[in-house]
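**Q** Here is the input, now give the coordinates:
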Amino acid sequence: MIVSFVKNLSHSVIPSKSHNSDSGYDLTAANMSVCVSEKTGYISHIAYNTGISIEPPENIYFLLYPRSSIRKYDLSMCNSVGVIDTSYRGSIIACFVPTIPSKSVDDLTIYNKGDRIAQIIPQIILNIDFIESDNIQDTIRGDGGFGSSGT
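**A** Numbering: from 1, shown residues only. Now for the predicted structure:
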C-alpha cells in the first residue's frame, strides 16, 4: 500500500518502522512547543509537531499511539489514542501531558526535537449502518460495566 506524504518542515523525518513485523510506524518530533497554563503557571501540555502530512487511501485511517518508550519519560499522551482521519491533511501533532506537575521542562524527562515520539498504526475503515431496534439480545454479561468481570 502506498501512502503519500509531504514534509512540511525541511527537517521532518519520514515515518518508519524498525522491523517488517512491527505494527506501528514511528513519528519523529520536528518541533516542540511547551504550553503553560495561565491559571496555574504549570505546564499544561507539550505539543510535538512531526512536520508530516499524509494522504492515505480513502479506506484507511491511522491511530496515533505513544511508543513503548513513553515509560522512560514524565509524559502521558493527552488523548490516549489519536485518530488521523483519511481526509485530514494537516501536520501530525502528538500532545503529551506531564505526569509530574512542573513549571519548567528542565524538571522533567521529556522527548526532545529529533526523538521518535509516537507511532501511527493503519486501520481499515468499516462503514456501518446502525439500525434502531426495540431490544437487543441479552448476554451473560448483560449491562455489567466497569469492573464487572472481576479484578
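
**Q** So in terms of bridging, what pairs with Ser16?
**A** Counting by DSSP bridges, Ser16 forms beta bridges with Asp26.

**Q** does Tyr48 count as helix, strand or coil?
**A** strand (DSSP: H, G, I helix; E, B strand; the rest coil).

**Q** can you pull the contacts of the closest residue to it other than its chain neighbours?
**A** Here the nearest residue to Tyr48 in space, its sequence neighbours aside, is Ala29; by Cβ to Cβ, 6 or more residues apart in numbering that works out to 4.1 Å. Placement of C-beta: from N, CA and C, glycine included. For Ala29, the residues meeting the contact criterion (Cβ atoms under 8 Å, 6 or more residues apart in numbering) are Tyr48, Asn49, Thr50, Ala94, Tyr111, Asn112, Lys113, Gly114, Asp115, Arg116, Ile117.

**Q** what's around the third one, how many residues?
**A** Using other Cβ atoms under 10 Å as the criterion, Thr50 is surrounded by 28 other residues.

**Q** Surely it and Ala94 touch.
**A** Yes. Thr50 is within contact range of Ala94, at 7.2 Å (criterion: Cβ atoms under 8 Å).

**Q** Nice, that's everything, thank you.
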